[in-house]
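> A structural model of the following input is requested.
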Amino acid sequence: MKIAVIGQSLFGQEVYKELRKEGHTIVGVFTIPDKDGKADPLATEAEKDGVAVFKFPRWRVKGQAIAEVVNQYKATGAELNVLPFCSQFIPMEVIDHPKHGSIIYHPSLLPRHRGASAIHWTLIHGDKKGGFTVFWADDGLDTGPILLQKECDVEPNDTVNTIYNRFLFPEGVKGTVEAVRLIAEGRAPRIVQPQEGATYECIQKKENAKIDWNQPAEALHNWIRGNDKVPGAWAEVDGQKVTFYGSTLVDNSTAANGQPLDIPGASRPGIVSKAGLVLFGNDGKALLVKNLQFEDGKMIAAAQYFNSGSNAAVELTDTEKAFAEQMKAVWQSILTNVTQIEDSTDFFKSGAASMDVVRLMEEAKLRDSSCLLQNEDIYMNTTFQDFIQMCVRRIRGEDDEEELIVDYVEKNVNNMTVKIPHQLFINGEFVDAEGGKSYKTINPTDGMAICDVSLAQISDVDKAVAAAKEAFEDGEWGKMNPRDRGRLLYKLADMMEEHQEELATIEAIDSGAVYTLALKTHVGMSIQTFRYFAGWCDKIQGSTIPINQARPNRNLTFTKKEPIGVCAIVIPWNYPLMMLAWKAAACLAAGNTVVLKPAQVTPLTALKFAELAARAGLPKGVINILPGAGSLVGQRLSDHPDVRKLGFTGSTEIGKHIMKSCAVSNVKKVSLELGGKSPLIIFSDCDMDKAVRMGMSSVFFNKGENCIAAGRLFVEDTIHDKFVKKVVEEVKKMKIGDPLDRSTDHGPQNHKAHLDKMVEYCQTGIKEGATLVCGGKQVERP
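From the prediction side, this is the model:
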């Protein structure tokens, strides 16, 4: 068909491109005039293709069509008008002229939310379903017959941008092209819009976006997100107009610590916390705002409200000055209407648009791979000077990250002071469990409590998974260059090596591992594991395969390996840190995020690891650690719909249960390392001394708490008695006792339940006719 495209923006550009791909002839593009010397993207694309472009400032004057404009349009000979996004009023002489009339894309499920701010009102009203409509234009305001509709779920924390980018833009382009296809095939319906449920709302502008605080928290949240980013919901704070961005609903515990901020009209003061600004509805429930913007255009993180002006300028090195000059050239190329870029030049006040934000982020990353920016970074640093200062701090790793607050338990042990975190680690913070629930972790050497450890509840699991999902989908981790990801993992390995004596000491007192073995194996191999997988980060690749046997062979298929998302990890107690490393390092190297449940009896090295990961610079939400019960935490991770893979090491019985739960919930991928009973077979022609040494090593290594321990020894009958005698002689030479004593061979069993089970096995063996030749009961504590 011959089509006239009437509209503007990137959306109009994409519709235009797809219509051309479908084989339609675009006889003319009608768009808005250039703004600040910059053409609209639709105009730029059409001019590149040699398509006629018309940039009328208006189509009507005082309600009457401009004859000259209408005649230029009619001369194109269009058979159909497509209006993908149009901010101008188009006269009916144009709408009705083509053979097939005109169709319009509208971002709501008509007849609901007629008008120019449909997406805003979908969110403001808290609609659970959103979507778009392609309808036949008539002389009413979004009242024409429906041709096509598509719907989507509205997520609880969606903003105008997120729902637009996730669904309304990509699916809207496809839907508009599909509508044209139906018209071309003569199958396009004309469904009269029902009157029932029809609404019309005004255009959202700054003057009518003021927040009415006398509402429940959910209504306040909907109002703020429905105006985010444009025009922006605002209120008077400290005598000035402040605009609120990045709202989420939270529980009231988020406001536990922070500084009060009086907000006129609000039911109670807000709380400036580490997470942001906590606000309250008239129902007492809470919402959290991440960013604030002042009247002068300056945007800050809400958590920095009380110290927003405290940053001193950094002095640039020669290399950083060169970077600044390169970025000045980028600004100049974007802001073509500005004669010269000064330190005070404001990016947005000089004409930059949202599409320019993406370009600026990519240009900065091209010039320094460690300058990884997000949209908010640009909005919060709008002048060139602030932008360069922010970039330099990011490159140096000094970009005002919040200080990690750790409520340590300190122990003077092993000739050092060990500092042990004891709270849950969620979204980059150590926090108490819901309701402050906790339990005592026991030192198996003396049976005394080491400290109270937070005991995760189901709500804590949900928070951790949500944090991991956000870090994967929207955070810095998901956008990071694989080589930079590897750099962070190398740095984490270095941090672990720097603290290896402390980690080994914690492992010894929490699990009973002999300190020298913990230093070499538990901790040493963990460090090696992270270094190994750090090297894999930029070497994960697919393959390209010929698929056509005909000649010449030009058909290929290729695979691209991508991270899967949130990975849950449930580990056992025998090698607490090493099991963490074996599973987590691979997940992180591939670009996934992790929620890990350590064994309830050995949580401390996992929590210390979390601290080191944060200090190494791993972004918030990438690693989350949840000490707790397997029946609660492990089960919720198995059931959680946002967990995409679960790795488990433990018993066969529990492994079967996990596999079933993972299948029923969302068919998540599962990796299981389950129980075994490894045999060692010794024949009469063996080297007896070597066989005894190997047998004892197989049984007693790491106190026998080993997945490949020799659970059964089969000895040929002719040498049985001799072999047993030699083993008893060697066992009596072993020193059993304090794992921190460098001469100790065998520390305490990991925890009392395990010790009791071993004693019970000895008693059962005697009852069943076995001869006890050594031991059979707990030795006295040192």
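
> mind checking the SS state of the closest residue in space to Gly621 that isn't next to it in sequence?
Leaving aside its sequence neighbours, Gly621 sits nearest to Ala471 (CB to CB, 6 or more residues apart in numbering; 3.0 Å). (C-beta placed from N, C-alpha, C; glycine too.) Assigned by DSSP: H, G, I helix; E, B strand; the rest coil, the conformation of Ala471 is helix.

> what is the neighbour count of Ala471?
25 (other CB atoms under 10 Å).

> that one contacts Leu618, doesn't it?
No. In this structure, Ala471 is not within contact of Leu618 by CB atoms under 8 Å, at 9.3 Å.

> stretch 343-359: which residues count as buried?
Across stretch 343-359, burial judged by 16 or more other CB atoms under 10 Å covers 345-348, 350-352, 356-357.

> list the ones among those that fall in strands.
Counting by DSSP state E, the buried residues of stretch 343-359 place none of their members in strands.

> returning to that earlier point: got any residues that touch both of Ala471 and Leu618?
Trp477 (CB atoms under 8 Å, 6 or more residues apart in numbering).

> how confident was the prediction at Leu261?
Per-residue pLDDT puts Leu261 at 94.

> cool, and Thr254?
Thr254 carries a pLDDT value of 60.

> what about Ser369, how many neighbours?
So Ser369, with other CB under 10 Å, has 14 neighbours.

> likewise for Val728?
The burial count for Val728: 12, using other CB under 10 Å.

> would JSON lines of the buried residues of stretch 343-359 with distance to Leu588 be doable?
Formatted as JSON lines, these follow (distance: CB to CB, whole Å):
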{"residue": "Thr345", "distance to Leu588": "40"}
{"residue": "Asp346", "distance to Leu588": "39"}
{"residue": "Phe347", "distance to Leu588": "34"}
{"residue": "Phe348", "distance to Leu588": "36"}
{"residue": "Ser350", "distance to Leu588": "41"}
{"residue": "Gly351", "distance to Leu588": "41"}
{"residue": "Ala352", "distance to Leu588": "35"}
{"residue": "Asp356", "distance to Leu588": "33"}
{"residue": "Val357", "distance to Leu588": "29"}
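
> between the residues you listed, which is nearest Glu201?
Comparing the buried residues of stretch 343-359 against Glu201 with CB to CB places Phe348 closest, at 26.7 Å.

> ok, now which ones touch that closest one?
297, 382.

> measure it to Thr383 for me?
Distance from Phe348 to Thr383, counting by CB to CB, to the nearest Å: 10 Å.

> how about Asp127?
Between Asp127 and Thr383 the computed distance is 38 Å (CB to CB).

> also Glu429?
31 Å.

> please apply the same query to Val69.
40 Å.

> can you check Met694 too?
71 Å.

> between the two, which one's more packed in?
Higher neighbour count among Met694 and Thr383: Thr383, with 19 against 15, using other CB under 10 Å.

> pretty sure that one is touching Ser350, no?
No. Using CB under 8 Å, Thr383 makes no contact with Ser350, being 9.9 Å away.

> now stretch 170-179, how far from the chain's geometric center?
Computed by CA atoms, centre = their mean, to the nearest Å, the chain-centroid distance of stretch 170-179 equals 29 Å.

> what's next to that stretch, contact-wise?
11, 14-15, 18-19, 22, 82, 84, 103, 105, 107, 132, 134, 147-148, 150, 152, 188.

> read off the pLDDT value for the residue minimising distance to the centre of the chain.
For the chain, Ala471 is the residue whose C-alpha lies nearest the centre (CA atoms, centre = their mean; 1.8 Å). In this prediction, Ala471 carries a pLDDT score of 93.

> who's in contact with it?
Contacts of Ala471 by CB under 8 Å, 6+ apart are 427, 477-478, 593, 619-622.

> equivalent analysis for Thr199, please.
Under the criterion of CB under 8 Å, 6+ apart, the neighbours of Thr199 are 111-114, 121.

> from the chain's centroid, how far away is the longest strand belonging to the chain?
For the chain, the longest strand by residue count, based on DSSP E, is strand 240-250. Here the centre of strand 240-250 is set off from its chain's centre by 21 Å, with CA atoms, centre = their mean.

> cool, stretch 421-437 as well?
19 Å.

> now do the buried residues in it.
For stretch 421-437, a neighbour-count test (16+ other CB under 10 Å) marks 421-434 as buried.

> how about stretch 212-231?
213, 215-217, 219-229, 231.

> okay, how far is it across that stretch, tip to tip?
Using CA to CA, to the nearest Å, one end of stretch 212-231 lies 16 Å from the other.

> could you do stretch 149-166 as well?
For stretch 149-166, the end-to-end distance is 16 Å (CA to CA).

> average pLDDT across it?
Summarised as a single mean, pLDDT over stretch 149-166 is 92.

> what's that stretch in contact with?
The contact list for stretch 149-166 (CB under 8 Å, 6+ apart) reads 107, 109-110, 119-120, 122-123, 127-134, 167-168, 171-172, 175, 225-230, 246-249.

> mind checking which of the residues you listed land in helices?
Among these, DSSP state H puts 119-120, 122-123, 171-172, 175, 225-226 in helices.

> distance between stretch 328-336 and the chain's centre?
Centre-to-centre, stretch 328-336 and its host chain are 32 Å apart (CA atoms, centre = their mean).

> an error on my part: the question was meant for stretch 682-700.
Put simply, stretch 682-700 sits 51 Å off its chain's centre (CA atoms, centre = their mean).

> got the buried residues for that stretch?
682, 686, 691-692, 695-696, 698-700.

> one step back: what is the nearest of the buried residues of stretch 421-437 to Asp238?
Distances from Asp238 to those, taken by CB to CB, are shortest for Glu429, at 27.5 Å.

> who's in contact with the closest one?
Residues in contact with Glu429, defined by CB under 8 Å, 6+ apart, are 274, 404-405, 620.

> swap in Pro269?
260-263.

> the closest residue to Glu562 other than its chain neighbours and Gly486, how far apart?
Once flanking residues are discounted, Glu562 sits nearest to Gly591: 7.7 Å by CB to CB, 6+ apart. For Gly591, the distance to Gly486 equals 11 Å [CB to CB].

> so where's the stretch 351-500 of the chain shaky on pLDDT?
398-402 (pLDDT under 70).

> tell me where it has strands.
Under the criterion DSSP state E, counting those that start in this stretch, the stretch 351-500 of the chain contains strands at 409-413, 416-420, 424-426, 429-431, 438-443, 448-454.

> which of those sits closest to Ala467?
strand 424-426 (5.8 Å).
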